[in-house]
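Engineer: No sequence on hand, only this structure:
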């Protein structure tokens with residue numbers, strides 16, 4: 001739809017007419033917003049799947065430990081978080097290799113630095 005709006009001339013008119021975009025309240029802006037919304041939705045689903053897979057591997061590891069005879073172990077929240085983070089990076093490594101992991105770590109560092117700068121008190125100017 002967006003490409004039909006962007007195409008000009010007879011070709012664009014033909015494409016818009018074929019999609020039924022000539023009449024009604026459909027506009028380029030509406031279609032553009034819809035496209036960005038759908039792209040964000042897909043990205044969120046991918047991210048959620050990655051987190052879910054990481055949690056699954058952590059739980060699987062805990063179950064295997066219990067089955068091997070180590071006894072029931074209830075990790076603390078912080079330990080769980082660390083294990084999930086490790087599993088998440090392992091998933092990233094499986095999908096994109098070491099470069100993807102390095103990129104993700106750099107992004108995380110950048111985010112943490114920005115957060116810490118935000119929390120720093122600003123200097124008073126006289």
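Structural biologist: Cool, got the structure. Computed from a prediction, not measured in an experiment: that's the story for all the values here.

Engineer: Residue 12 versus residue 3, what's the distance?
Structural biologist: Between residue 3 and residue 12 the computed distance is 9 Å (C-beta to C-beta, to the nearest Å). From N, CA and C alone the C-beta is placed, and that goes for glycine too.

Engineer: Between those two, point out the one with more neighbours.
Structural biologist: Per other C-beta atoms under 10 Å, whichever of residue 3 and residue 12 has more neighbours is residue 12, with 15 against 10.

Engineer: Can you list the buried residues in the host helix or strand of that one?
Structural biologist: Per DSSP states H and E: residue 12 is located in helix 9-19. By neighbour count on 16 or more other C-beta atoms under 10 Å, the buried set for helix 9-19 is 15, 16.

Engineer: Heading C-terminal from it, find the next helix or strand.
Structural biologist: Helix 9-19 is succeeded, C-terminally, by helix 28-67 (DSSP H and E).

Engineer: Show me the residue at the heart of the protein, geometrically.
Structural biologist: residue 47 (3.8 Å; C-alpha atoms, centre = their mean).

Engineer: And it, how far from residue 5?
Structural biologist: Distance from residue 47 to residue 5, by C-beta to C-beta: 29 Å.

Engineer: One more: residue 104?
Structural biologist: Residue 104 is 35 Å from residue 5, where distance means C-beta to C-beta.

Engineer: And residue 91, by the same measure?
Structural biologist: 38 Å.

Engineer: Would you mind measuring from residue 83 to residue 59?
Structural biologist: Computed as C-beta to C-beta, the residue 83 to residue 59 distance reads 10 Å.
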